[in-house]
Structures are given as structure tokens and as C-alpha cells.
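Engineer: The following comprises the amino acid sequence and a computationally predicted model.
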Amino acid sequence: MPLPSVRVYGARQCKAISRRLKRRCLNPAAYKCSTCRYHGATPLHTRKSMQGESHPQYKHGRLTKESKMSDRRTRLRLWMLEQIGWHLKMFQGTKTRGRKPNEYRQLDLDDPEQMQYAILQTLV
Ligand SMILES: [Zn+2]
């Protein structure tokens, strides 16, 4: 039988269903979620604080979304610089191995506008 808050006062009931008994949880739903606090409901301010350095699995910050995005931008800048250097015949020998950065697009550096675009990419 549900708690009096659900039965008498019309509070929303938890929607979790027991795997073993196939019965619905009788607790009231908590924190404006569809489940009770035993089945995963958490206050909004708690969910927000579980990001970044306050997350329990945060270790060093090298693999956060921001640092990965920064690494991608740096890789693109270096790739553009190398392409400009090859175009201006500053380098000799073999080119850098490896795949191109994801954001890279093939540019015709003889075109002044595209050369300007490539230079601006390296400055940002
Ligand atoms: Zn529940």
C-alpha cells in the first residue's frame, strides 16, 4: 500500500518497477523527478555540481571536454602552420605523418583569400 502522502494527498508515486517482484515502488516521487530518492531522484543543484572538478571521477582534467576541444584547436593550428610552411617551401623532406585534424579542410593556398583564411586560423 502506498504511503499516505501518495494515497491521501495525491503526491506523485515513484515509477520504478521492481525487477524481482515486478511491482511498482510505493514511495512518493522526490525532487520533481518521476522516481523516489531510492531510485535515482536527485535535487537539481546536486546534479549540476557533479560536473568538472567536483565530479567524483575527476582526476587530472586532461580528458575534459574543454581540454579535448583545446587540443583539437591546437592540432588544427599546427597543421595549418605546416601547410603554409610547405606552400612557402620552408620545409624539406617528408611531411608529418598521421591523419588530418577533424576540422581541417583542403585549401588552395595559391588563392589569396584562402591563404588569408589559413593565416587567420593559425592566429586565433
Ligand atoms: Zn522508488
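Structural biologist: Yep, that arrived.

Engineer: Going by C-alpha atoms from here, please, whenever you check contacts or count neighbours.
Structural biologist: Fine.

Engineer: Flag the shaky bits of the protein, pLDDT-wise.
Structural biologist: Applying pLDDT under 70 to the chain flags residues 45-49.

Engineer: Pop the domain breakdown of it in here.
Structural biologist: 1-49, 65-123 (automatic domain parsing).

Engineer: so which of these comes closest to the ion?
Structural biologist: Nearest to the ion among the domains of the chain is domain 1-49 (4.2 Å), distances taken as Cα to the ion.

Engineer: which residue is nearest the centroid of the chain?
Structural biologist: Residue closest to the mean C-alpha point of the chain, counted by Cα atoms, centre = their mean, is Lys65 at 4.9 Å.

Engineer: could you dump the longest helix along the chain to CSV, C-alpha only?
Structural biologist: Secondary structure of the chain per DSSP state H: the longest helix is helix 65-87. Output in CSV follows, covering the C-alpha atoms of helix 65-87 (Å, rounded to 0.1, in the frame of the first residue of the first chain):
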residue,chain,number,x,y,z
LYS,A,65,35.5,18.3,-23.0
GLU,A,66,37.2,21.7,-22.7
SER,A,67,40.7,20.3,-22.8
LYS,A,68,39.9,18.0,-25.7
MET,A,69,38.5,20.9,-27.7
SER,A,70,41.5,23.0,-26.9
ASP,A,71,43.8,20.1,-28.1
ARG,A,72,41.8,19.9,-31.3
ARG,A,73,42.2,23.6,-32.0
THR,A,74,45.9,23.4,-31.3
ARG,A,75,46.3,20.5,-33.6
LEU,A,76,44.4,22.3,-36.4
ARG,A,77,46.6,25.4,-35.9
LEU,A,78,49.8,23.4,-36.1
TRP,A,79,48.5,21.6,-39.2
MET,A,80,47.6,24.9,-40.9
LEU,A,81,51.1,26.3,-40.0
GLU,A,82,52.7,23.3,-41.5
GLN,A,83,50.6,23.6,-44.7
ILE,A,84,51.6,27.2,-45.0
GLY,A,85,55.2,26.3,-44.5
TRP,A,86,55.1,23.6,-47.1
HIS,A,87,53.4,26.0,-49.5
